[in-house]
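Asks: structure, please.
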Amino acid sequence: MVEAIGTKLRRQRRRLGLTLDELAGRTGISKPYLSLIETGRVPNPPSDEKLRKLEQTLAFTPGELVTQAHLQRTPKDVRAMLERLMKAEGAKAAANGAKHKNGSGHVLTSAATHDRVTTSGTGIDLDEAYLSGVLQELVDGAAGNVETVTTNAVPVINRVSAGYPKDFTDLSYPRGVADEYINCSGLTDRDAFGARVFGDSMTPKYREGDIVIFSPSLPTREGDDCFVRFKDGQTTFKRVFFESGENGTSILRLQPRNERYRPQIVPSDNVTGLYRAVYRYQRVDED
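Replies: Numbers count the residues shown, from 1 in each chain. Next up, the predicted model:
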């Protein structure tokens, strides 16, 4: 069993001789919230930003708490699916490596490949699996398995700009796999995803830090708030209006809700995806 984050924090804090007041002062995290974390009374792990502050202040290995939090946020069926795929990949790599030994009998390939698919003590590190190339290999070779995930949790794949288009990546994770999830039991679209708002062009209805759930299966209507993906991979979050240009070509007017921002006019063929917003999750208080 993996030691709970709160228990781990309390043990390390006491080992360093720090009080909760001192830890709060060094990290900028309130003492009541730290107490809730240590006693396991918060329903979800703290944000990555808070965990990185705690890692640095309490001399944890960089990424140790963040990786454990990612695992904790991952739905069980997604985690089990990845574990099966990675174990199968490891077994296959070991079998293949055993067939390729040099004259001294040393395995030439299996050790390196095994290192790429071995899980850490806290479980699967999705970022490491992606950066090593293992995750994409699993996606390419076992797409059918990925699509069998049946969790009701919606993956929060990254953040989308509510100002001008920003570079965006979902790290090519398999469908339904992410470092963070949010429960959205009333949504039946298996391709639904969430993204955090970044910027203020969609205020007052949406503010920075809100998580908005988008449904690719729903048709986009005139004036809908949409996640917009451009050909170059950038994205933005705007109200969408379908219009015609002077020469009769199809254009989109991407209209901010904040009156301080001007609309953006783009040719329709420059847009590769329009995904309608269906739910909004708004933080009431950070702690």
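Asks: what about Phe230, neighbour count?
Replies: Phe230: 15 surrounding residues under other C-beta atoms under 10 Å. The C-beta positions use only the backbone N, C-alpha and C, and glycine is treated the same way.
Asks: host element of Ala94?
Replies: Secondary structure from DSSP states H and E places Ala94 in helix 76-98.
Asks: again with Arg276
Replies: Going by DSSP H and E, Arg276 is part of strand 271-281.
Asks: that strand packs against which elements?
Replies: strand 211-215, strand 225-230 (3 or more C-beta pairs under 8 Å, 6 or more residues apart in numbering; DSSP states H and E).
Asks: that strand pairs with which strands?
Replies: Partners of strand 271-281 in the sheet, by DSSP bridges, are strand 211-215 (antiparallel), strand 225-230 (antiparallel).
Asks: got those strands as JSON lines, with mean pLDDT columns?
Replies: Below are the strands paired with strand 271-281 laid out as JSON lines (pLDDT from 0 to 100):
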{"stretch": "strand 211-215", "mean pLDDT": "90"}
{"stretch": "strand 225-230", "mean pLDDT": "91"}
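Asks: all strands for the stretch 101-250 of the chain, in order.
Replies: 153-161, 181-183, 193-198, 211-215, 225-230, 235-244, 250-255 (DSSP state E, counting those that start in this stretch).
Asks: read off the pLDDT value for Thr236.
Replies: Thr236 is assigned 87 on the pLDDT scale.
Asks: I'd say it and Cys226 touch.
Replies: No. In this structure Thr236 lies outside contact range of Cys226 using C-beta atoms under 8 Å: 9.1 Å.
Asks: the bottom helix or strand of this protein by mean pLDDT?
Replies: helix 110-117 (a mean of 38; mean pLDDT, DSSP states H and E).
Asks: domain ranges for the chain?
Replies: 5-73, 76-146, 153-281 (automatic domain parsing).
Asks: any idea how far Lys31 is from Arg13?
Replies: 12 Å (C-beta to C-beta, to the nearest Å).
Asks: residue ranges with poor pLDDT in the stretch 1-150 of the chain?
Replies: Along the stretch 1-150 of the chain, the model assigns pLDDT under 70 to residues 1-2, 75-83, 85-86, 89-90, 93, 97-150.
Asks: ok, which stretches of it are helices?
Replies: Remark: helices assigned in the stretch 1-150 of the chain by DSSP state H, counting those that start in this stretch are 5-15, 20-27, 31-38, 48-57, 64-73, 76-98, 110-117, 126-131, 134-141, 143-146.
Asks: packing partners of the second one?
Replies: I take that to be helix 20-27. By 3+ C-beta pairs under 8 Å, 6+ apart, helix 20-27 packs against helix 31-38, helix 48-57.
Asks: about what we covered before: as TSV, the helices and strands packed on strand 271-281 with distance to Leu54 would be great.
Replies: Putting the helices and strands packed on strand 271-281 into TSV (distance: least, C-beta to C-beta, whole Å) gives the following:
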stretch	distance to Leu54
strand 211-215	23
strand 225-230	32
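Asks: closest to Gln68 out of the ones you listed?
Replies: Between Gln68 and those, the shortest gap by C-beta to C-beta is with strand 211-215, which sits at 21.5 Å.
Asks: re earlier: what sits in contact with each of Arg13 and Lys31?
Replies: 20, 23 (C-beta atoms under 8 Å, 6 or more residues apart in numbering).
Asks: so between these two, which is more surrounded?
Replies: Shown here are Arg13 and Lys31; by other C-beta under 10 Å, Arg13 has more neighbours (19 against 15).
Asks: against Gly40, how distant is the more buried one?
Replies: 15 Å.
Asks: again with Glu49
Replies: 20 Å.
Asks: pretty sure Arg52 contacts Val66?
Replies: Yes. Using C-beta under 8 Å, Arg52 is in contact with Val66, at 6.4 Å.
Asks: ok, the two, which is more surrounded?
Replies: Val66 (24 against 17).
Asks: any idea how far the more buried one lies from Arg84?
Replies: For Val66, the distance to Arg84 equals 24 Å [C-beta to C-beta].
Asks: and for Phe214?
Replies: In terms of C-beta to C-beta, Phe214 sits 29 Å off from Arg84.
Asks: between those two, which one's more packed in?
Replies: Phe214 (25 against 13).
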